[in-house]
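*Asks:* Let's see this in three dimensions:
(chains A, B, C and D)
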Protein chains: 4
Amino acid sequence: MSFRKIINDPVHGFITISDPLIFQLISHPWFQRLRRINQMAMSYLVYPGAVHSRLHHALGAYHLMHNALYELRTKEIEITQAEEQAAKIAILLHDIGHGPFSHALESLLAKDVEHETLSLMIMKTLNEEMDGKLSMAIEVFKNTYHKKFLHQLVSGQLDVDRMDYLTRDSFYTGVIEGMIGYDRIIKMITVHDGELMVEEKGIYTIEEFLVSRRLMYWQVYQHKTVLSAEMTLVKILERAKWLYLKNKLTVEEDNRLGKLLFKEIVHFEKSHLAMFCDLDDSDILFSIKNWRTHPDPVLSLLCNALLNRDLLKLRLQSEPISIEEFTEKKAALEKKLSISAEDSSFLLFIGEAENSLYDPNNEKINMLFKDGRVRDISQVDTPLIHQNLSRPVKKFYICFYQA
Amino acid sequence: MSFRKIINDPVHGFITISDPLIFQLISHPWFQRLRRINQMAMSYLVYPGAVHSRLHHALGAYHLMHNALYELRTKEIEITQAEEQAAKIAILLHDIGHGPFSHALESLLAKDVEHETLSLMIMKTLNEEMDGKLSMAIEVFKNTYHKKFLHQLVSGQLDVDRMDYLTRDSFYTGVIEGMIGYDRIIKMITVHDGELMVEEKGIYTIEEFLVSRRLMYWQVYQHKTVLSAEMTLVKILERAKWLYLKNKLTVEEDNRLGKLLFKEIVHFEKSHLAMFCDLDDSDILFSIKNWRTHPDPVLSLLCNALLNRDLLKLRLQSEPISIEEFTEKKAALEKKLSISAEDSSFLLFIGEAENSLYDPNNEKINMLFKDGRVRDISQVDTPLIHQNLSRPVKKFYICFYQA
Amino acid sequence: MSFRKIINDPVHGFITISDPLIFQLISHPWFQRLRRINQMAMSYLVYPGAVHSRLHHALGAYHLMHNALYELRTKEIEITQAEEQAAKIAILLHDIGHGPFSHALESLLAKDVEHETLSLMIMKTLNEEMDGKLSMAIEVFKNTYHKKFLHQLVSGQLDVDRMDYLTRDSFYTGVIEGMIGYDRIIKMITVHDGELMVEEKGIYTIEEFLVSRRLMYWQVYQHKTVLSAEMTLVKILERAKWLYLKNKLTVEEDNRLGKLLFKEIVHFEKSHLAMFCDLDDSDILFSIKNWRTHPDPVLSLLCNALLNRDLLKLRLQSEPISIEEFTEKKAALEKKLSISAEDSSFLLFIGEAENSLYDPNNEKINMLFKDGRVRDISQVDTPLIHQNLSRPVKKFYICFYQA
Amino acid sequence: MSFRKIINDPVHGFITISDPLIFQLISHPWFQRLRRINQMAMSYLVYPGAVHSRLHHALGAYHLMHNALYELRTKEIEITQAEEQAAKIAILLHDIGHGPFSHALESLLAKDVEHETLSLMIMKTLNEEMDGKLSMAIEVFKNTYHKKFLHQLVSGQLDVDRMDYLTRDSFYTGVIEGMIGYDRIIKMITVHDGELMVEEKGIYTIEEFLVSRRLMYWQVYQHKTVLSAEMTLVKILERAKWLYLKNKLTVEEDNRLGKLLFKEIVHFEKSHLAMFCDLDDSDILFSIKNWRTHPDPVLSLLCNALLNRDLLKLRLQSEPISIEEFTEKKAALEKKLSISAEDSSFLLFIGEAENSLYDPNNEKINMLFKDGRVRDISQVDTPLIHQNLSRPVKKFYICFYQA
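*Replies:* Down below sits the predicted model:
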């Protein structure tokens, strides 16, 4: 009997794995670790259902890749067995470079290295372990493979990554109006001159996809309470590091978080990968739980705030936060808590959030018309996807501890 | 034990009727007739699941009215028992004036009378039967009741009618990306100065609602095949009338359709109501089935086209259909079928479909900000709901028989 | 580009038709007529959402057949292209012999001919039209094809017909606890010695399937109000025929219903097929609407009862209805309405409803164990699917008009 | 404006909190800690979606309690405001005594104390903090309150706890055939002589509920891989303790897990509560991650098995595991790994799993008939819920490391 594993997914139904190499990758400890990394970081403090893991998302994206390739083949797009395997591996591993709490801590744990770069480093390491079997997948991932559409399915405006995470995040948060028609999008894609396109009649579904993404962005990913929680998480680690550098915080020799957070890694290299892949959400939570009772009042305050969901206040607005307000609030806080200006910067800070509906300059959604013409969606004659889309929405926030 | 009927609804779960007067209305033959009127006319020729009835939609809208009033009361908006009953009756009966195949035949069966006018006529007649118990409901329906928000819930940009039909039509067609967050909208509405408003934080859900409505419009309600089928239905009845006036089509004395279609009713009056309310989809289908074998080739051709789903071709485009194309195609058809210019006008014709995302001139979605300000959604600082929304999208079509 | 039609289905997502012959069958007027036949007859009087058509169910079952064959092939069961086509055609047409209101009128319109026999007659006629292309499908349907499992997928304890209608009926009624795990069942089936089997680990899903079917039976299909409505429908047609034979009811020469209902067809033959396939729900409804005002008080009473949902009362119980109650109620009714004993038999009658959870004698669900043994599910060591299952539950009812 | 918090729940829609006391309880750190305890322990190793938290389940059960009380009131059952609050608090806190990984570690962390006892201890402590405001809730929880049905809604055969967890677990695992009709059950419950009953017509829904529960039990909760993972978790902690007692494992002074696991607490008392409530899943995971590299080969083997999902094999069967097989396998393992008999008992062991569909002896589902009679569901005349139900199904397993 042929190889076959089936996995239940409340979002897509059954996911089937019928390629032993793919199952081997899923079974790898570095992939299994994604079970212990929450896909949506701190969103579950607002949406209690949003506790799904990165592993679950990766499996879902793999499943959509399978469906997308199947559809393209019915449209007589040639895709070899090897290309199918490569595209599936590329999507399965596209986010393997994520660390604990995903995006929230991205810049802190592997300094100046984006998760895509880490994903690539990990893929290369796995490729060595597996005698080069991932070489084509790496080409697809890096977009050096000649069939561009394979890369575009992994990473592009209409990749299966987005289709899965928007659908999955909408499902798990219960924000049903964020539901996109991923099934219809997959039916509507095609390949023209080697590039991924959407058939003309898919235009409204694509519009709806862009607007749903925007809704999810502001209503979920950048919800003010989520933002506050994720910034608190960042401030906790920054404060811990600050204390460590001042010798006010010690860390066990074998503490996994400490190894990465406190060491000044100038160039993140392959030799650091094992350390990185050893981390997951539980390491961060464990340390935060420890620090609840740390003598530093700022650190303990932040840790308790996060764990007890007694968060810093956060206000989002369209205009920049005025210097007056910032200065005034900061001074008041310092006075109230008898803390220094440096201390207070961990408890009161400002920032920006930004999102564009669609940026025709550096990304493209090409529509293929029945008459063979190709036009970017922003060029299509419809008043919604038009001039305004490229202009990103920028919002400003102030986040502060309120005693 | 108190009065209570529960009705299963796959869309909203259970619908509860706990007011005997409302149950009496639901039991009325004129309401029960809505079971035999398809909510989405001919859409089921494209979306086979779209076979739900007007009765089902009316019950769903009633249910959402119940939920909306419940929410408003938790926000300390005063709504008396009598007002609750009135609003529920108004929504239950808001569409009772629809005839067979709903909008598709609206202009043909009750000449120059819109379905809202018919709904009002029916409500008045029922009010007499029920000793004036519907008087306040009629006031709400006509918008003469002093609490404007009750009318706005029945008929306005964010009424429960739209919330139900968009949700229900999305559900039954399977166009899941048309799903709106009706539950969240209901949580976000409030009343300010007697008018229905949406709280500030509901803005993305409202945006998504408008875009989903637009998607449903073009992808479902005005889908080219649906449009073709509904125009074919219209042409069938027009042709039948044309033949009748030429004494080429007879009709049984007691034929229910004939009574309305072939009589030249100058002013539609209360006395015609019983005739109107005696009609439903089965009457139309029955006659169309009879006419499949009528000696007039145009009539029989159209009837077979509709019943066998072998429809006229239809092309939708952004530019008006050129006179050249129209003239040329028409001449060719006349020659091919050896028919007159008058005959061919039933088999080849042009038309327009139009939809605006949001028209700030004659409808309003008021947003209530935390600071107490009220602004129309088109005035809110967000690049999506902006200038372009008021400009309606107009499309042009040519529909033609292709031998 | 290859042939491909996609159809939206709220139940299964997208249904793809990629075989021109199958599309040709779907386009046939006899198949299209299934759009106008309600899958669940009168159930919509209790469950307003249950208005889906026979055509929709046939498409859904076709889709599940596609999935089932796909799964079996991944288990290395050999299925040729021709067999795939044959199995798909067989399931698509398995119910094409249904007439108006499906089961409810089965015995009345094509006397003594079951719908399966009619399906076969229709398939043979279509086979002639299509130059023998349906020959293998007919073999599969009749179970004369050597690979038994293909027939078992069309018609057996675990056929895709049941999987679709239970799922679809549960979906459209909103009786979510009737939901079966059809997706898992399809993953669990296999073929052993040419017969369809279920893998050992599917046992709980099969149990749940049987119990859900039982729930749907009593809670939906044989719900007392549904039963009352469907018996009323039968009584209407019986009364009409009775009046016709007494020359008290005339019928237009060209009335489609009359042709079948009132003619004494001794042997239903191929020559009657066209008449039969010309009928749909609208013909029945049209006549019932006419008969509301028929001078016969029994006929008009029944027609109004059905159309206005002011139904006869019905009581279901475990014991047979006592003769005393029956006689007493009947006499009282005759007195009250001043009608004869013969007349009253249309307004007051008794009957039985019966359902077995699982009958191991004439149907089989074979379980295939890991060690290669095969056992009927009733032989598996689990206390639920055991001795009691074969004993059918019989219920008795009295149905009566209550003035 | 009145107090109101709304929470998105993908399972039930919106959950509304309108009572400040209840919000205060939800905000308590001991309740918030439930966010970090997985409702389904290790099930996510088989069902990757099953990562929902105890907090989410508690909120869901609270929501169903709200709905159930609302329905009972419409049936004119008297429930005071204070009783409503008490019942809602009782259900909200009913599982607050669960520790990390819920049931899996129940017996290990608070020796000989069941989670219900812990819940009660915690409720009493919170009651002191809150000046006795939870007193009636505690009475309801302990079943000393005179209106028995309130307790039965919290804890009984048809309590809202089960309704929520079966529904939620079915939703998050994707085992849709486990879906129960909780909405219908809530519509069907009533109170008779102070006890919770189900109306006669709910019988099939109750049957389906019992069978779905059984399916969830064997297919999910006691799935062989889940069982293996949860037993591995237990063995890890047992081995760690064993090593600790032999001075082969040290633990930081402040390790939260160590405090409870390694101390010989003879009587678990109120003074231990704070320690217990300080634990969550992250503490266990953190230690297991540490122990992957512990010098003890048994401990490190088990920790790697769990984290990398490279689990012990487990076989479930109807007959007890034979002594021969056990002895033989154990000897072989000892030889292969060169370990002692004591060591091998952590890597190879046998056990039992047991589940009854319905036990009429110590739990009751009372059905209330229209004629006023009350009968236990096992006495109702239906062949499914009959003699066999009380007989529990017992299965036996052997779980072993396979090198």
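*Asks:* got the residue ranges for the strands in chain A?
*Replies:* In chain order, chain A shows strands spanning A:5-9, A:13-17, A:189-192, A:195-199, A:313-317, A:348-355, A:366-368, A:374-376, A:393-400, with DSSP state E as the criterion.
*Asks:* give me every residue that touches whichever residue of the stretch 251-400 of chain A sits closest to chain C.
*Replies:* Each residue of the stretch 251-400 of chain A has a distance to chain C, by Cβ to the nearest Cβ, and the smallest belongs to residue A:370, at 11.6 Å. Glycine gets a C-beta too; all of them are placed from N, C-alpha and C. Residue A:370 is in contact with residue A:200, counting by Cβ atoms under 8 Å, 6 or more residues apart in numbering or on different chains.
*Asks:* pLDDT below threshold where in chain A?
*Replies:* Low-confidence segments of chain A (pLDDT under 70): A:1, A:253-254, A:264, A:357, A:360-363, A:381-391.
*Asks:* ok, now with 80
*Replies:* Residues of chain A meeting the criterion pLDDT under 80: A:1-2, A:103-104, A:106-107, A:110-112, A:251-254, A:263-267, A:356-363, A:378-393, A:403.
*Asks:* returning to that earlier point: pick the most deeply packed of the strands of chain A.
*Replies:* Between these, the one whose residues have the most neighbours on average, counting mean count of other Cβ atoms under 10 Å in any protein chain shown, is strand A:366-368 (a mean of 21).
*Asks:* Just checking the distance from it to the centre of its chain.
*Replies:* Offset of strand A:366-368 from its chain centre (Cα atoms, centre = their mean, to the nearest Å): 27 Å.
*Asks:* for it, packing partners?
*Replies:* Helices and strands in packing contact with strand A:366-368 are listed as strand A:189-192, strand A:195-199, strand A:374-376; criterion 3 or more Cβ pairs under 8 Å, 6 or more residues apart in numbering or on different chains; DSSP states H and E.
*Asks:* hmm, the longest one touching chain B?
*Replies:* No. Counting by Cβ under 8 Å from any Cβ of the partner chain, chain B has no neighbours in strand A:195-199; the shortest distance is 13.2 Å.
*Asks:* just the last one next, same as before
*Replies:* No. Strand A:374-376 stays out of contact with chain B when judged by Cβ under 8 Å from any Cβ, the minimum separation being 12.9 Å.
*Asks:* what residues does the stretch 101-250 of chain A put near chain D?
*Replies:* Remark: the part of the stretch 101-250 of chain A in contact with chain D comprises A:171-175, using Cβ under 8 Å from any Cβ.
*Asks:* Can you tell me which of those residues is closest to chain C?
*Replies:* When those are ranked by distance to chain C (Cβ to the nearest Cβ), residue A:171 comes first, at 14.9 Å.
*Asks:* Leaving out sequence neighbours, find the closest residue to that closest one.
*Replies:* Closest residue to residue A:171 apart from its sequence neighbours, by Cβ to Cβ, 6 or more residues apart in numbering or on different chains: residue A:11 at 5.2 Å.
*Asks:* Go ahead and confirm the one you found touches residue A:166.
*Replies:* No. Taking Cβ atoms under 8 Å as the contact criterion, residue A:11 and residue A:166 are not neighbours in contact, 10.9 Å apart.
*Asks:* who are the neighbours in contact with residue A:83?
*Replies:* A:136, A:140, A:147, A:150.
*Asks:* likewise residue A:149?
*Replies:* For residue A:149, the contacting residues are A:72, A:77, A:191, A:194-196, by Cβ under 8 Å, 6+ apart.
*Asks:* Domains in chain A, by residue range?
*Replies:* Here the domain assignment for chain A is A:5-222+A:368-378, A:224-354, based on automatic domain parsing.
*Asks:* Kindly indicate which of the residues of the stretch 101-250 of chain A next to chain D lies nearest residue D:202.
*Replies:* Checking those against residue D:202 with Cβ to Cβ, the nearest one is residue A:174 at 27.8 Å.
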